[in-house]
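Q: dropping a prediction and its sequence here:
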There are 2 protein chains.
Amino acid sequence: VKNINYTKDLIKKINTKKISVGIIGLGYVGLPLSILCAKKGFKVYGFDIDESKIKKIKSNYSYIERINNKDIKILNKNGFFSSKFKNISNCDIIILCVPTPLKNKRPYIYHIKSTIKSIKKFLVKGQTIILESTSYPGTTNEEILNKLNKDFDIGKDLFIGFSSERINPGVNENKIHNVPKVVSGHSKNCKSVISNFYSQIFSKIVIANKIEIAEFSKLLENIYRSVNIGFINEMKLVADRFKLDIFEIIKIASSKPFGFRRFDPGPGTGGHCIPIDPIYLAYKSKKLGFNPRFIELSADTNIKVLSALIKKIFYLLKKHKIPKNKAKILILGISYKKNVDDLRESAAIRLLDILLKKRIKNISFSDPHIKNSINTRALTFNSRGINITPQNLSKFDISILMTDHDKFNYKMIYQYSKNILDTRGRFKVDSKVTRG
Amino acid sequence: VKNINYTKDLIKKINTKKISVGIIGLGYVGLPLSILCAKKGFKVYGFDIDESKIKKIKSNYSYIERINNKDIKILNKNGFFSSKFKNISNCDIIILCVPTPLKNKRPYIYHIKSTIKSIKKFLVKGQTIILESTSYPGTTNEEILNKLNKDFDIGKDLFIGFSSERINPGVNENKIHNVPKVVSGHSKNCKSVISNFYSQIFSKIVIANKIEIAEFSKLLENIYRSVNIGFINEMKLVADRFKLDIFEIIKIASSKPFGFRRFDPGPGTGGHCIPIDPIYLAYKSKKLGFNPRFIELSADTNIKVLSALIKKIFYLLKKHKIPKNKAKILILGISYKKNVDDLRESAAIRLLDILLKKRIKNISFSDPHIKNSINTRALTFNSRGINITPQNLSKFDISILMTDHDKFNYKMIYQYSKNILDTRGRFKVDSKVTRG
């Protein structure tokens, strides 16, 4: 038998663009990545255990608002989509983009574990497996490398690494290739194969010395945001005590050209990153005997800031002598951040849930990105969103601006709302507007 | 009696550069500001209760390393310096740059109070008083306005405001005029006079709506830093548990072009801003019924990170079987940040103090900016600093890099130190170097 140099062969195959890329998990991370690969001329195998996603892709329909049907069409030209893993054998590069959520407030890496279990029998020598799902340092080694190093000689006939995704929802889904791509690998060969691959599709590659360094760096990026949002939300609560408007304070501080970065307060964080990723690091760190308190405090402030908002709602109702059972409340913006249709961990959903539990029955929402009734793991709300019209706005006692979509007609909102509780600093505080 | 329009008169005087500026407190803030005013052609009256400072200025000698004697000479050409306040009567603009430290871990605004008490009898109609000392929101109104509004018609014949200083020690002392200047005033007239004045000497003026907004914004700027340094120091402790080098992680995370700002861990914060300013806000906020926990946690992490360093020192000594009473330790860098000669609240001083208390007798320090023995409020240490030489370095069991001055010869330090404890990420971790 000839001694095959899998490293050399694979790199050659990559550089001549003759590789097939398998992407497992076709959500917010996997779908844009698949499109990017297809556009660069790679054959793409897309996998998702959710049959409905496979069907939608096959019929050229995008299930993510920010991704065009046109791009799904391009994907289908050179792509094969399935909920079964048989085609894994045909892939040179296999990338895991599966969800890493929380379950019972703890990291839930079941999808990584089950994926590896499912694809194991289809793996062949000369392949590369890359984790793009965010998880705590050690995941790639514990859940992928250690599960495969009995059957393969890692770094010789199977290459393993981690590469973080840096998607900014609502902003860069269609230009992720411009963001520097962090890569890491188990050995020198792994690093070499993986960085060669990503340099085909990303404009800049950043190589981490160790897989755990890359894994940790992704968490650090998001925990930085989580801490700063938590901090500025706490500063909002402080400013409230001083009867000062935090947004005015932030505007002034932002004029400092060095040593200050603007973060804006809000009604509490949402999405797949900020409320979840920090818990991953905290969980593993606690196991190692150290409790990272900034993470805990940030998560805690997230809850506190929504409680403060709810207090303000009831204060306003009381001030205007509106009994709870007659209160009419409009929630403006229901997604977790502006200009997206993403409801995951949204503070507006939490607010809606709490208000319903507090027996406020007359609640509506309006969101230019979400028209249908709400059916998430956290909440079922059977009314559809309403449109912003003078008539609609004037029906409600309080309009609460939760998510400041650019598509909102703020002039109309201001003119026709009776009272505005503004959590985003879009309106100036006056007799009608209270800072939320 | 003719009805005098003090506002109009003063603005005219400012714009024709015929004003005299009185600066009270000639330290890190007041001295550069005095020089700036003198260079722009204003007559300067400088006041400091510290006679020795007045003497030094009069003999053209700068007591701040980063300020040249040449500039003190310029100052003397058009300046009058005294420890007595009689000349306050001659000043059109009076700026308070007095210290606002802590006493018993609480804000100590005695210097503001006593200054106002002392200058009160010399005040005349048509003057402007500006506070540049950092303090909690409300200070200007409580300690200046409320103390003078019985004798003056504020906004008519006396103008009062707050303007934050944005000096970055070791970096911008000689170009503070390029940093946007935040100004505020009690009334429209006050804002007008004060922004007219500062626009003569600063290139950009930022007007805050309220004095308290300006006061709070200065604290927010520094608390942002304090929180982020606290956070990254905690991340260092987490990385230690994972046996990863935090500096490698930060380097990778810093490649993210949006949503991340690099902060570096260290042995604990120092200087006049970061350890002190946050306490000012926390103090007043607590009085208003709200305890800002990010501030507390940041201060606490500051202590924790030094304790962790001390543990590492004793671990290293034990590892190398060096008994405590024979241990020889060299502290590299004794100022609170790099490239300055400022010892205020320095972590290196705290370390020195703790090591001495733990009966390590053989300690030396080396600092290119501080040669003399140490005599601060916190510590008296009678040995002078030593120079970095091969012979000197090889005498010590551990060299601890506390402050990473650019003037250090790092190659020599690496070559001749027996063991290095590096708190600043200047060296790569290896058999000789431990991350501190």
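A: That came in fine, so what should we check first? Numbers count the residues shown, from 1 in each chain, chains lettered A, B, ... in the order given.
Q: what number of residues lie near A:N5?
A: Counted with other CB atoms under 10 Å in any protein chain shown, the neighbours of A:N5 add up to 14. C-betas here are computed from N, CA, C, even on glycine.
Q: now swap in A:N372 and tell me
A: A:N372, neighbours per other CB under 10 Å, totals 10.
Q: for the closest residue to chain B within the stretch 1-150 of chain A, list the residues it contacts.
A: Here the residue of the stretch 1-150 of chain A nearest chain B is A:P137; by CB to the nearest CB that distance is 5.3 Å. Each residue near A:P137 by CB atoms under 8 Å, 6 or more residues apart in numbering or on different chains is listed here: A:E212, A:I213, A:E215, A:F216, A:L219, A:L281, A:K284, B:F242, B:L244.
Q: in strands, which of these appear?
A: Residues of those located in strands (DSSP state E): none.
Q: just flag the most distant two among the residues you listed.
A: A:I213 and A:K284 (14.5 Å; CB to CB).
Q: please state the offset of the lengthiest helix in chain A from the chain centre?
A: Ordering each helix of chain A by length in residues (DSSP state H) puts helix A:211-241 first. The chain centre lies 15 Å from the centre of helix A:211-241; the measure is CA atoms, centre = their mean, to the nearest Å.
Q: and it, what's buried?
A: A:211-241 (16 or more other CB atoms under 10 Å in any protein chain shown).
Q: go on, stretch A:167-183?
A: A:I167, A:P169, A:G170, A:N172, A:E173, A:I176, A:H177, A:V179, A:P180, A:K181, A:V182, A:V183.
Q: before we move on, what about stretch A:113-130?
A: Buried-residue list, stretch A:113-130, by 16+ other CB under 10 Å: A:K113, A:T115, A:I116, A:I119, A:F122, A:L123, A:G126, A:Q127, A:T128, A:I129, A:I130.
Q: same question, stretch A:147-165
A: A:148, A:152, A:154-165.
Q: does that stretch come close to chain B?
A: No - shown here: stretch A:147-165 not in contact with chain B (CB under 8 Å from any CB of the partner chain), separated by at least 8.8 Å.
Q: over to stretch A:235-246?
A: Yes - using CB under 8 Å from any CB, stretch A:235-246 reaches chain B at A:M235, A:L237, A:V238, A:A239, A:D240, A:R241, A:F242, A:L244, A:D245.
Q: list just the nearest of these to chain B.
A: Distances from chain B to these, taken by CB to the nearest CB, are shortest for A:R241, at 4.0 Å.
Q: in this structure the closest one contacts B:P292, no?
A: No - using CB atoms under 8 Å, A:R241 is not in contact with B:P292, being 9.5 Å away.
Q: intersection of neighbour lists for the two?
A: In contact with both A:R241 and B:P292: B:S285, using CB under 8 Å, 6+ apart.
Q: check which helix or strand covers A:G46.
A: strand A:43-47 (DSSP states H and E).
Q: adjacent strands (with direction) for that strand?
A: strand A:20-24 (parallel), strand A:79-82 (parallel) (DSSP bridges).
Q: check contacts around A:G436.
A: Taking CB under 8 Å, 6+ apart as the test, what A:G436 contacts is A:P267, A:L309, A:K312, A:I400, A:L401, A:L421, A:D422, A:T423, A:R424.
Q: output the below-cut-off pLDDT ranges for chain A.
A: Across chain A, the ranges flagged by pLDDT under 70 are A:1-2.
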